[in-house]
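>>> give the three-dimensional model of this entry:
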Amino acid sequence: MRSNREKEAESIISQEVNNVSMGSNEVKQNGCAACHVLFTLVDKIQVNETEAADLLAEILLSNPHLNNQFIEMVENIHMKQRLMGGGFSIKTREAKDRFIDSKLKTVLAEFSADLVNYGLEILLQKLLISSISLEIAQTIGVDYHAANEELHYYMRKKDQETHAQITDFINRFCQKANKSRI
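This is a model prediction of the structure:
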């Protein structure tokens with residue numbers, strides 16, 4: 001039986017998916033539709049981002065109709081309505097370099113914090129998922145967020161199988177890394 005918090009979250013998710021799908025301007029220019037839903041949960045239910053992400057995944061897994069609507073919303077925003085990259089391409093070389101330098105520093109700082117706070121295995125899992133999402137994005141020609149959402153949808157659907165594959169890879173990687181240190 002669902003708790004009141006889960007029912008409230010499901011209602012919020014459904015409402016936000018409908019709002020975004022109906023063409024409201026809820027998702028800001030170049031914003032992520034999935035992130036919009038996630039952060040709406042954070043704000044309205046007053047939970048942290050991790051709890052909201054877990055709640056979102058749990059609700060989408062338990063409600064296939066809402067899950068399909070969610071995926072359609074994300075695909076529509078990220079794949080059909082946007083032509084990504086145009087704004088970056090018209091910047092000067094110096095502006096492009098500043099942007100890339102900023103992103104490089106930000107990502108390295110985030111990974112350093114993840115390593116300290118969560119450990120090597122979680123950081124490696126994050127890197128693997130990022131790499132797989134990027135490969136999907138490049139292969140099918142969509143933006144990273146859309147590819148990431150598709151990957152997370154698949155991983156939710158095949159939870160035990162994908163968890164086992166990722167865990168197996170991480171274990172093999174760590175064993176190899178430990179052997180090379182000796």
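>>> CA only for contacts and neighbour counts going forward, please
OK.
>>> longest helix anywhere in this structure?
Secondary structure of the chain per DSSP state H: the longest helix is helix 93-118.
>>> for it, buried residues please.
If you call a residue buried by 16 or more other Cα atoms under 10 Å, then helix 93-118 has these buried ones: 111, 114.
>>> next SSE downstream of that helix?
Where DSSP states H and E defines the elements, the next helix or strand beyond helix 93-118 is helix 120-140.
>>> any idea how far Lys91 is from the residue minimising distance to the centre of the chain?
Nearest to the geometric centre of the chain sits Asn148, at 5.1 Å (Cα atoms, centre = their mean). Distance, Asn148 to Lys91, using Cα to Cα, to the nearest Å: 26 Å.
>>> and if you look at Ile13?
Distance of Ile13 to Lys91, given as Cα to Cα: 36 Å.
>>> before we move on, what about Ile100?
Relative to Lys91, and taking Cα to Cα, Ile100 is found at 12 Å.
>>> likewise Gln125?
For Gln125, the distance to Lys91 equals 34 Å [Cα to Cα].
>>> so where's this structure uncertain?
Along the chain, segments meeting pLDDT under 70 span 1, 24-26, 28-30, 78-89, 182.
>>> just give me the neighbour total for Ala146.
Here the count is done by other Cα atoms under 10 Å, and Ala146 has 25 residues near it.
>>> surely it meets Glu72?
No. Judged on Cα atoms under 8 Å, Ala146 makes no contact with Glu72 at a distance of 10.4 Å.
>>> got any residues that touch both of those two?
Listed as contacting both Ala146 and Glu72 by Cα atoms under 8 Å, 6 or more residues apart in numbering is no residue at all.
>>> circling back to that earlier point, more neighbours, Gln125 and Lys91?
Gln125 (16 against 12).
>>> I figured that one hits Asp168, correct?
No. Counting by Cα under 8 Å, Gln125 stays clear of Asp168, with 11.0 Å between them.
>>> give me the number of residues near Ser11?
Based on other Cα under 10 Å, the number of other residues close to Ser11 is 12.
>>> helix, strand, or coil at it?
helix (DSSP: H, G, I helix; E, B strand; the rest coil).
>>> separation between it and Arg2?
To Arg2, Ser11 is 12 Å away according to Cα to Cα.
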